[in-house]
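In: output the structure for:
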Amino acid sequence: MRASLLNRRLHRWGAILTAIPVLIVVATGLLLQFKKNSDWIQPPTQKASQTIPTGTFDDVLDAAKKAEFADIADWSDIDRLDVRPNKGMVKVRAKNHWEVQIDLATREILQESYRRSDIIEDIHDGSFFGVKLTVFLPSAFVLVLLWGTGIYLFFLPHLAKRKQRRKAREKKP
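Out: Prediction:
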């Protein structure tokens with residue numbers, strides 16, 4: 001089988017096999033590009049009353065328990081804390097994807113919002129579907145092959161024309 005025919009078949013079937021994972025990665029990647037600009041994707045970071053943090057993590061937990069939608073009862077309900085000392089606040093991310101921003105000086109809740117960026121990131125890398133290493137990783141390798149065969153197929157007509165010109169020059173007396 002000629003290399004150009006093999007490349008075309010690999011390119012065609014590779015594109016079909018990776019179409020859905022690549023579409024998911026591109027669509028969610030576009031959304032993630034705007035996460036800092038869209039309050040719907042990621043809640044904006046609030047500023048606290050002062051920038052010198054005071055108190056303990058237990059104080060943060062007590063304040064987070066007062067949040068209406070985050071449904072935080074103890075530390076097992078919290079996914080992570082994102083402490084921002086220069087803004088005097090902490091972001092408490094609950095396991096149910098709600099984010100509570102707390103003033104570290106007054107223990108007031110500055111904001112309580114649903115955080116979609118984490119879910120979008122899980123969809124983006126395939127872990128949301130549980131196929132991160134079985135579908136999305138192989139798709140990435142096939143995508144690299146598609147890139148290579150696409151470059152080859154792009155330059156193939158140019159190489160063929162160059163070869164024809166060289167043969168024509170050699171035939172001329």
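
In: mind giving me the domain ranges of this structure?
Out: Residue ranges for each domain of the chain read 1-40+118-173, 43-115, as given by automatic domain parsing.

In: for these, give me JSON lines that also has mean neighbour count and mean pLDDT.
Out: All C-beta atoms are positioned from the backbone trio N, CA, C, and that covers glycine. As requested, the domains of the chain are exported to JSON lines (neighbours: other CB atoms under 10 Å; pLDDT from 0 to 100):
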{"stretch": "domain 1-40+118-173", "mean neighbour count": "13", "mean pLDDT": "89"}
{"stretch": "domain 43-115", "mean neighbour count": "17", "mean pLDDT": "93"}
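
In: tell me how far Val25 lies from Leu143.
Out: 9 Å (CB to CB, to the nearest Å).

In: ugh, wrong one, Asn86
Out: Taken as CB to CB, the span from Asn86 to Leu143 is 39 Å.

In: correct me, but Ser4 touches Pro157?
Out: No. Contact criterion CB atoms under 8 Å: Ser4 and Pro157 do not qualify, at 9.9 Å.

In: how distant is the top helix by length along the chain from the center of its chain?
Out: The residue-count maximum for a helix in the chain (DSSP state H) belongs to helix 137-171. Taking CA atoms, centre = their mean, to the nearest Å, one finds the center of helix 137-171 at 32 Å from the center of the full chain.

In: same thing with stretch 69-76?
Out: Centre-to-centre, stretch 69-76 and its host chain are 26 Å apart (CA atoms, centre = their mean).

In: so how far is the first residue of that stretch from its last?
Out: 16 Å (CA to CA, to the nearest Å).

In: same check, this time on stretch 44-54
Out: 22 Å.

In: other residues contacting that stretch?
Out: 83-91, 101, 103-106, 108, 110-111 (CB atoms under 8 Å, 6 or more residues apart in numbering).

In: quick one: contacts for the residue nearest the centre of the chain?
Out: What sits nearest the mean C-alpha location of the chain, by CA atoms, centre = their mean, is Glu121, with 4.2 Å. Neighbour list for Glu121: Thr28, Leu32 [criterion: CB under 8 Å, 6+ apart].

In: and it, what element?
Out: Element membership for Glu121, per DSSP states H and E: helix 117-125.

In: tilt between that helix and helix 137-171?
Out: If you take axes from the mean of the first three to the mean of the last three CA atoms, to 10 degrees, helix 117-125 sits at 50 degrees to helix 137-171.

In: which parts of this protein are helices?
Out: According to DSSP H, the helices that the chain contains are 3-33, 57-65, 117-125, 137-171.

In: fine, thanks again, bye for now.
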